[in-house]
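J.: need the 3D shape of this:
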Amino acid sequence: MNNCILVVDDQPINVRLLDVQLKAAGYTVLPAYGGQEALDMVNKHMPDIILLDIMMPGMDGYETCRSLKSNPKTAGIPVIFISALTDVNEKVNAFKCGGVDYICKPFQRDEVLSRVSTHLKLYFLQKSLQQQIDAEIAKRQSREQLLVQQSKMAAMGEMLGMIVHQWKQPLNAISSTAQDLEDAFIHNELDKQYLHSSVNTIISQTDFMLRTADDFRNFLRPSKAKTSFSVKNAIEEVISMFSPYFAKSGIAINISCSGDDFSTTGYPNEFKQVILNLINNARDAILTHPNNPKAAIDIHITAMAITIRDTGGGIPEAIIGRIFDAYFTTKAPDMGTGIGLYMSKTIIETNMGWRLTASNIEGGAEFKIVLKE
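T.: Have a look, this model is predicted:
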């Protein structure tokens with residue numbers, strides 16, 4: 001298909017001359033004899049380039065060009081001004097309102113064809129690059145959505161495991177109480193006080209399980225908007241929920257805070273998920289580190305940063321630069337997805353506007369969330 005050129009000039013002789021020259025070069029030409037007519041033609045036919053006169057009755061070339069550039073649908077179409085005005089201020093105005101080039105009348109055929117050809121090439125190159133960029137953005141967004149979904153599924157799997165762990169003790173207590181009730185009935189030991197005590201035990205354990213379920217449900221619910229929250233409180237909530245899970249593995253979690261507790265603005269539930277990801281990774285490192293004299297995770301909070309240190313032996317130098325890459329993991333396929341640290345970095349740096357780094361310290365690794373430089 002031939003490239004389409006809109007020629008706009010209130011003088012028919014100029015339009016006819018350009019029409020002949022451009023058609024002879026293989027272009028399709030659309031004529032317009034005023035600014036408003038040009039806008040109507042553009043909306044109907046979407047030309048590839050516009051040759052635009054300046055001095056026209058009603059809507060002049062400058063106003064026409066500004067109108068084209070204010071419309072996202074037509075803003076990208078290159079506009080070459082062709083005018084008898086030779087003052088440098090007129091040329092400056094032409095470029096200011098969105099023109100890509102300026103040809104003085106009387107124009108020369110070869111000059112017009114050369115500039116049209118050049119700007120068409122630039123226009124289609126720009127369109128091609130934009131299409132590639134749009135395709136890459138769409139691909140990346142699709143990939144990000146997949147990673148987010150996988151991260152959520154992995155988090156839910158971990159949550160279910162932790163809920164099961166949290167519920168084992170109350171379920172055992174309820175089961176034991178029910179058996180005691182049956183035994184008491186068989187041996188005629190069941191009286192009002194015994195029944196009342198057993199019911200209270202069952203209700204207490206059931207309430208604990210309900211609170212645990214609510215805590216986990218709230219933990220997994222994404223924050224819809226940035227809010228002000230206490231960093232220390234958020235971390236303590238995570239530790240309170242999951243400390244029994246870590247204690248079962250013989251790992252102590254210590255929290256310290258320099259100065260007064262402070263608040264920040266961000267997505268508190270997503271922040272909690274990052275903290276859980278980091279301490280879970282620390283736990284895995286500690287459990288796989290042989291001859292570990294101290295199994296501990298230390299969390300230090302300041303107004304500038306949150307530092308999480310473990311005694312898991314550190315990160316091998318050969319891979320430390322890759323640990324935040326999507327799908328990168330050193331764990332067995334059934335032990336890790338390779339998206340936890342990637343999503344943590346995305347949440348902290350893209351969503352929160354902070355910074356997440358990793359480094360080795362003596363005997364372990366250090367992850368730092370930098371809130372203020």
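
J.: C-alpha only now, for contacts and for neighbours.
T.: Will do.

J.: list the buried residues in stretch 234-253.
T.: 234-235, 238-239, 241-246, 251-253 (16 or more other CA atoms under 10 Å).

J.: ok, the nearest residue to K105 once chain neighbours are set aside - contacts?
T.: Closest residue to K105 in three dimensions, ignoring its sequence neighbours and counting by CA to CA, 6 or more residues apart in numbering: A84, at 4.6 Å. By CA atoms under 8 Å, 6 or more residues apart in numbering, the contact set of A84 is C104, K105, P106.

J.: tell me what the host helix or strand of I308 is packed against?
T.: Assigned by DSSP states H and E, I308 falls within strand 305-310. The contact analysis (3 or more CA pairs under 8 Å, 6 or more residues apart in numbering; DSSP states H and E) places strand 305-310 against helix 268-288, strand 296-301, strand 364-370.

J.: output that strand as PDB, nothing but the C-alphas.
T.: Provided in PDB are the C-alpha atoms of strand 305-310 (Å, rounded to 0.1, in the frame of the first residue of the first chain):
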ATOM      1  CA  ALA A 305      16.600   0.500  57.500                       C
ATOM      2  CA  ILE A 306      15.500  -2.900  58.600                       C
ATOM      3  CA  THR A 307      18.400  -5.400  58.900                       C
ATOM      4  CA  ILE A 308      17.800  -9.200  59.000                       C
ATOM      5  CA  ARG A 309      20.800 -11.300  59.800                       C
ATOM      6  CA  ASP A 310      21.000 -15.100  60.100                       C
END
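
J.: packing partners for the helix or strand following that strand?
T.: Moving toward the C-terminus from strand 305-310, the next helix or strand (DSSP H and E) is helix 340-345. Packing partners of helix 340-345 (3+ CA pairs under 8 Å, 6+ apart): helix 109-186, helix 268-288.

J.: what does the average pLDDT come to for helix 340-345?
T.: Mean per-residue pLDDT for helix 340-345: 83.

J.: likewise stretch 179-197?
T.: 85.

J.: phi first, then psi, for the residue located most distally from the centre of the chain.
T.: Distance from the centre of the chain peaks at N188, with 65.4 Å (CA atoms, centre = their mean). The phi/psi pair for N188 (degrees, to the nearest 10) reads phi 60, psi 30.

J.: quick one on the thing from earlier: which one of the helices and strands packed on helix 340-345 is the most hemmed in?
T.: Ranked by mean neighbour count under mean count of other CA atoms under 10 Å, these are led by helix 268-288, which reaches a mean of 20.

J.: quick check: angle from that helix to strand 305-310?
T.: 30 degrees (axes from the mean of the first three to the mean of the last three CA atoms, to 10 degrees).

J.: can you give the domain ranges for this structure?
T.: 4-107, 144-218, 223-370 (automatic domain parsing).

J.: and L195, helix, strand or coil?
T.: Classification of L195 by DSSP: H, G, I helix; E, B strand; the rest coil places it in helix.

J.: just give the closest residue to it, not the sequence neighbours.
T.: Nearest residue to L195, sequence neighbours excluded (CA to CA, 6+ apart): L181, at 7.4 Å.

J.: residues touching that neighbour, list them.
T.: L190, L195, S198.

J.: tell me which residues in whatever helix or strand K23 lives in are buried?
T.: Element membership of K23 [criterion: DSSP H and E] is helix 12-24. Neighbour-count burial for helix 12-24, with 16+ other CA under 10 Å as criterion, is recorded at N14, V15, L18, D19, Q21, L22.

J.: tally of neighbours for I319?
T.: 12 (other CA atoms under 10 Å).

J.: immediately after the helix or strand bottoming out on mean pLDDT in the chain, which helix or strand?
T.: Within the chain, confidence by mean pLDDT, DSSP states H and E is lowest for helix 192-220 among all helices and strands, at a mean of 77. In the C-terminal direction, the helix or strand that comes right after helix 192-220 (DSSP H and E) is strand 227-230.

J.: what is the mean pLDDT for whatever helix or strand comes next after that next one?
T.: For strand 227-230, the succeeding helix or strand toward the C-terminus, using DSSP H and E, is helix 231-248. Averaged over helix 231-248, pLDDT sits at 83.

J.: cool, thanks, signing off.
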